[in-house]
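In: One predicted model, sequence on top.
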Amino acid sequence: MEWLDLKRLQDYAAVSERTLRDWIRLEVNPLPAVQVRGKILVRKSDFDHWLDQHKVKPLDLGVIVEELVGAVTDGR
């Protein structure tokens with residue numbers, strides 16, 4: 001079980017420390033972290049799992065077009 005401080009996690013995730021702090025403070029589904037004597041630590045496996053939950057879903061243009069056509073047809 002590997003714990004990363006924000007500096008090491010910043011290097012691992014290729015994002016700024018501010019972004020990491022923002023993710024930790026999210027109201028919904030925050031990045032799991034602990035604070036020990038003022039130092040914030042994140043378990044590497046927790047970060048990987050959390051990041052997997054935020055995968056970008058591909059757009060289905062067919063569904064979008066159907067919704068738009070339906071809205072126009074229904075007079076919305």
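Out: Now that the structure is in, tell me what you want to look at. Numbers count the residues shown, from 1 in each chain.
In: looking at this, H54 is in a strand?
Out: No: assigned with DSSP: H, G, I helix; E, B strand; the rest coil, H54 falls outside any strand and is coil.
In: burial measure for it, as a count.
Out: 9 (other Cβ atoms under 10 Å). Quick note: C-beta positions are derived from backbone N, CA and C, even for glycine.
In: cool, and L20?
Out: Per other Cβ under 10 Å, the neighbour tally for L20 reads 21.
In: can you tell me how far it sits from P58?
Out: Distance, L20 to P58, by Cβ to Cβ, to the nearest Å: 27 Å.
In: which residues in this structure form strands?
Out: Listed in chain order, the strands of the chain (DSSP state E) span residues 3-5, 34-36, 39-43.
In: Could you provide the ones you listed in a markdown table, with additional columns for mean pLDDT?
Out: Below are those laid out as a markdown table (pLDDT from 0 to 100):
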| stretch | mean pLDDT |
| --- | --- |
| strand 3-5 | 97 |
| strand 34-36 | 96 |
| strand 39-43 | 97 |
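In: can you tell which of these is closest to L26?
Out: Between L26 and the strands of the chain, the shortest separation by Cβ to Cβ is 13.4 Å, and it involves strand 39-43.
In: that older thread, so for Q53, which of the strands of the chain sits nearest?
Out: Q53 sits nearest to strand 39-43 of all the strands of the chain, at 14.5 Å, using Cβ to Cβ.
In: Identify the spatial nearest neighbour of M1, chain neighbours not counted.
Out: R43 (6.2 Å; Cβ to Cβ, 6 or more residues apart in numbering).
In: Was I right to think that neighbour contacts H49?
Out: No: using Cβ atoms under 8 Å, R43 is not in contact with H49; the gap is 9.1 Å.
In: who's more crowded, those two?
Out: Between R43 and H49, counted using other Cβ under 10 Å, the more crowded position is R43 (17 against 11).
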